[in-house]
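Student: When you get a sec, could you give me coordinates for this:
(2 chains)
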Amino acid sequence: MELSFSPQLQAFRAEARTWLDANVPDPALPSLDTAEGFALHRGWERKLNEGRWAMVPWPVEYGGRGANLIEWLVFEEEYYRAGAPLRVNQNGIFLLGPTLMEYGTPEQKARFLPKMASGEEIWAQGWSEPNAGSDMAAIRSTARREGDFFVLNGQKTWASRGAFADWLFGIFRTDPDSERHRGLTFILIPLDAPGVNVRPIAQLDGETGFAEVFFDEAKVHVENQLGDEGGGWKVAMATAGFERGLMLRSPARFQATAARLVELYREVGDSADPALRDAVGRAWTSAEAYCLNTYQTASRLIAGGSIGSEASLNKIFWSEMDVHMHETALSLLGARSQLLPHAPEAGNVGSWLDGFLFSLAGPIYAGTNEIQRNVIAERLLGLPR
Amino acid sequence: MDFTFSEDHAMFRDSVRGLLERECTPERVRTLWQPSDSPGSRVLWGKLAELGIFGMMAPENAGGLAMNEVDLVLPLIETGRAAFPGPVVECAAVAVPALRDLGDEALQELWLAGVASGDTILGFAHAANNLVADADVVDALLVGQGSELHLFPSDQLSLTHQPANDPGRRLFKVDVSSGSADTRIAGGQAASSLIADALDRGAFGTAAQLVGVAQQLVDIAVTYATQREQFGKPIGSFQAIKHALATVQVKIEFAKPLLYRAANSLATRADTRSADVSQAKAGAGEAATAAAKTSLQVHGAIGYTWECDLQIWMKRAWSLDLAWGSAAFHRGRVADAIIDGSSPARSFGFEAR
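Tutor: Reported below is the predicted structural model:
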């Protein structure tokens, strides 16, 4: 066990800090769930890529730095320290990117990864359907093979970033006689293809962070199939594993929130309410626990270990922690906490409400926490199905 | 940066676990609830000593292994998992390093050599605990009194048993009015520092045991829920049971990295060690008390009986949660550190702007 940062890691940290301090936009960009904000965030991705900071853990040949997981964590710490923008291409960077590297053909990697890195192509995810949410194997959208094309029909929903993205990945039923997780194929779809119709959905905060996507005889070339025909479930599980595992929510994000919460308490905390002081302490400790757990997992993976159902523990922990932190902030702010950021009296506190609303999605997306608890109970604890 | 344990650490943990599964069974633990069976507890203590646990942190010239908290943490978890009776934490993790740090070789020769072999059991009385656990089995008790540290051989101790909830962890009021220049081993700044370190180490060691207790509480609930049938199937197949146990498992998994970091902070004498230990103790206490409540609920009425072994770990979770500072005490220490800067505290890796 060695918990100090080597001179090499410190040098890497300093390099990242210098670049970020010089380049992070000030003032902060508008929300990426607006058309204007989305375009500006795309520009930020381009700038990151020019500095070779967009895809830090990717191999050098695809525009990354070949960084290991510890280096990636260090980069993320600096990213959140600098208050840099949210990653509009998160679906690409952290989900599809690693999946492409594992399952993609050399042609697919060359075709998709560089444009993903540069922000030229932003990805949406297409898992859920109106009748396939937690029960994802109930998928009904179909892909019919005609020559060198798939012809898509059906509907995806809750497609994150779907309102403004360029491409979508998802699984479709290619074998009409199949049931459940068999007969599904993982397909990459340009959202401007004829027969693809995107209908943005306003979220709880009124912005369009996700969308419904309708397919009506939409034609997609078979070269956009990822993995084997009929083997889409396995590919999708790998993608979902990355999502719940290490990369979806980096610890620094929550440590930054905890630090802001301590600042908020110092500003507005009332010593007559020890419960809030206690809640701030808990928030800090939870962020530390999540960070330390991530370093533990990263160390284990670097030493040749693997991550499996433990990813479900992570997902429950960070999503519940995020809600708790924001509830604490709103309690500290009292009546002012309900003001939207542009309310004249809001001052600089409106971001806590935004964060609170966003945090409430955490226990739902990327597999509801109820599904994660089933996974923990059955696969980690060994309880009967 | 490498946040893993070595293969040696894992092997040592496995041998401790193996020994305790064979020797420290629930039946054995119950017989040792009788104070009259103090020879029996000595035999069990001796078996653990043979593995080298008690002298781990003692200097080599006193028969020890000159190791640290990182080496000790996994074995301590195992002693919690087995509800091992006696002052394991106070001896191996508090008294031994206190005598090591005091640096008095005559005292070390007198008391530490026997600790390594298991012949000598040391305890530590700290103001954080008010009453002293397992004081009846120690050969000598280190006592932090104000700004002085005393060492009382057992024949100079006057104990009054205070019957309490956990039958495996007997509590005593210790009369130390016989303290004198003869029993005083440190004073002034040296003593204050040793007594402050004792609180951090006691809380750390207890947190380790709590993590073991918590996992055992979940494991026995899983076993029970897999066997017990209602409505024609094992109750463990119902989501009400699954989700309750999964919720506790999340708490346990995220208590562990706090504990391991605390071990490292103590071993390296990081300036943040008090805040790091407090986070570990609060996290472990909450995990274990939640595990106790959930395990009882999963067991149902059978868990409410004296016969059910659940009580061995459930009552240990409660008693250890209160030992060396309750979860509330330690959360308060964390809040004081991060909000008021009462002691150094830093995020791991992340630095706020």
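Student: quick one: residue B:285 and residue B:207 touch, right?
Tutor: Yes. Residue B:285 is within contact range of residue B:207, at 7.4 Å (criterion: Cβ atoms under 8 Å). For every residue, glycine as well, the C-beta is placed using N, CA and C.
Student: Quick check: which ranges of the chain have low pLDDT?
Tutor: I'll assume chain A. Scanning chain A for pLDDT under 70 picks out A:242-248.
Student: Which one's more surrounded, residue B:285 and residue B:207?
Tutor: residue B:207 (36 against 31; other Cβ atoms under 10 Å in any protein chain shown).
Student: For the closest residue to that one other than its chain neighbours, what is the enclosing helix or strand?
Tutor: Among residues not flanking residue B:207 along the chain, residue B:284 sits closest, at 3.9 Å (Cβ to Cβ, 6 or more residues apart in numbering or on different chains). Mapping residue B:284 onto the secondary structure by DSSP states H and E places it in helix B:273-299.
Student: tell me the contacts of the residue nearest to residue A:31 when sequence neighbours are not counted?
Tutor: Excluding its sequence neighbours, the residue lying closest to residue A:31 (Cβ to Cβ, 6+ apart) is residue A:37, at 4.6 Å. Residue A:37 makes contacts with A:29-31, as judged by Cβ atoms under 8 Å, 6 or more residues apart in numbering or on different chains.
Student: Can you check the pLDDT for the residue nearest to residue B:207?
Tutor: If you check residue B:284, the pLDDT there is 98.
Student: So it versus chain A, what's the distance?
Tutor: 11 Å (Cβ to the nearest Cβ, to the nearest Å).
Student: what's the spacing between that residue and residue A:278?
Tutor: Residue B:284 sits 17 Å away from residue A:278, going by Cβ to Cβ, to the nearest Å.
Student: for residue B:79, same thing?
Tutor: Counting by Cβ to Cβ - residue B:79 and residue A:278 are separated by 30 Å.
Student: what about residue 107, helix or strand, and which?
Tutor: Reading this off chain A. helix A:106-118.
Student: that's the wrong chain, I meant chain B
Tutor: helix B:105-117.
Student: Compare residue B:284 and residue A:278 (neighbour count), which wins?
Tutor: Neighbours were counted for residue B:284 and for residue A:278 using other Cβ under 10 Å; residue B:284 has more, 35 against 16.
Student: Double-check that residue B:302 belongs to a helix.
Tutor: Yes. The assignment for residue B:302 (DSSP: H, G, I helix; E, B strand; the rest coil) places it in a helix.
Student: Compute the number of surrounding residues for it.
Tutor: 12.
Student: Can you tell me what sits against the following helix or strand past the helix holding residue A:107?
Tutor: Note on helix A:106-118: by DSSP H and E, the next helix or strand toward the C-terminus is strand A:123-126. Strand A:123-126 is contacted from outside by A:89, A:91-92, A:95-96, A:116, A:156, A:159-162, A:165-170, A:189, A:191, A:211, A:213, using Cβ under 8 Å, 6+ apart.
Student: go again using 6 Å as the cut-off
Tutor: A:91-92, A:96, A:156, A:159-162, A:165, A:167-168, A:170 (Cβ atoms under 6 Å, 6 or more residues apart in numbering or on different chains).
Student: How about stretch B:23-42?
Tutor: B:47, B:82-86, B:167, B:309, B:312.
Student: Only the buried subset of the residues you listed, as a ChimeraX command please.
Tutor: Provided next is the ChimeraX selection string for whichever of these are buried by 16 or more other Cβ atoms under 10 Å in any protein chain shown:
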select /B:82,83,84,85,86,167,309,312
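Student: between the contacts of stretch B:23-42, which is nearest chain A?
Tutor: residue B:309 (19.0 Å; Cβ to the nearest Cβ).
Student: what does the model give that closest one for pLDDT?
Tutor: Looking at residue B:309, the pLDDT reads 98.
Student: contacting residues around the residue nearest to residue B:207?
Tutor: Counted by Cβ under 6 Å, 6+ apart, residue B:284 has contacts B:207, B:210-211, B:255.
Student: now these in a markdown table, with secondary structure?
Tutor: Shown next, in a markdown table, are those (three-state DSSP):
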| residue | secondary structure |
| --- | --- |
| B:207 | helix |
| B:210 | helix |
| B:211 | helix |
| B:255 | helix |
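Student: In three-state terms, how would residue A:14 be classified?
Tutor: helix.
Student: now residue A:219
Tutor: Under three-state DSSP, residue A:219 comes out as strand.
Student: Show me what from the stretch 1-150 of chain B comes close to chain A.
Tutor: The stretch 1-150 of chain B comes close to chain A at residues B:1-4, B:70, as judged by Cβ under 6 Å from any Cβ of the partner chain.
Student: how about a cut-off of 8 Å?
Tutor: B:1-6, B:70 (Cβ under 8 Å from any Cβ of the partner chain).
Student: if I read this right, residue A:191 contacts residue A:199, doesn't it?
Tutor: No. With contacts counted by Cβ under 8 Å, residue A:191 stays clear of residue A:199, the gap being 11.6 Å.
Student: that older thread, make TSV out of the contacts of residue A:37 and add secondary structure.
Tutor: Putting those into TSV (three-state DSSP) gives the following:
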residue	secondary structure
A:29	coil
A:30	coil
A:31	coil
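Student: and of those, the nearest to chain B?
Tutor: residue A:29 (17.6 Å).
Student: so that closest one touches residue A:47, yeah?
Tutor: No. Using Cβ under 8 Å, residue A:29 makes no contact with residue A:47, being 11.4 Å away.
Student: Looking at these two now, which is surrounded by more residues?
Tutor: Taking other Cβ under 10 Å, residue A:29 and residue A:47 do not tie; residue A:29 has more neighbours (21 against 14).
Student: for that one, what are its contacts?
Tutor: A:37, A:40-41, A:44, A:85.
Student: Which one of those residues is nearest to residue B:224?
Tutor: residue A:85 (50.4 Å; Cβ to Cβ).
Student: OK, contacts around that closest one?
Tutor: Residue A:85 touches A:24-25, A:28-29, A:32, A:41, A:44, counting by Cβ under 8 Å, 6+ apart.
Student: can you do 6 Å?
Tutor: A:29, A:41, A:44.
Student: would you turn those residues into TSV with distance to residue A:239?
Tutor: Putting those into TSV (distance: Cβ to Cβ, whole Å) gives the following:
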residue	distance to residue A:239
A:29	27
A:41	22
A:44	24
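Student: between residue A:191 and residue A:199, who's got more neighbours?
Tutor: residue A:191 (22 against 13).
Student: ok, the more buried one to chain B distance?
Tutor: 36 Å.
Student: now the helices: where do they sit in chain A?
Tutor: A:7-23, A:35-50, A:69-81, A:90, A:97-103, A:106-118, A:232-244, A:251-268, A:274-302, A:310-333, A:350-361, A:369-375 (DSSP state H).
Student: residues touching residue A:19, list them.
Tutor: residue A:51.
Student: That should have said residue A:60, apologies.
Tutor: Residue A:60 is in contact with residue A:66, counting by Cβ under 6 Å, 6+ apart.
Student: Check residue A:78 too.
Tutor: Contacts of residue A:78 by Cβ under 6 Å, 6+ apart are A:16-17, A:20.
Student: cool, residue B:171 as well?
Tutor: Here residue B:171 is in contact with B:131, B:133, B:162, B:164 (criterion: Cβ under 6 Å, 6+ apart).
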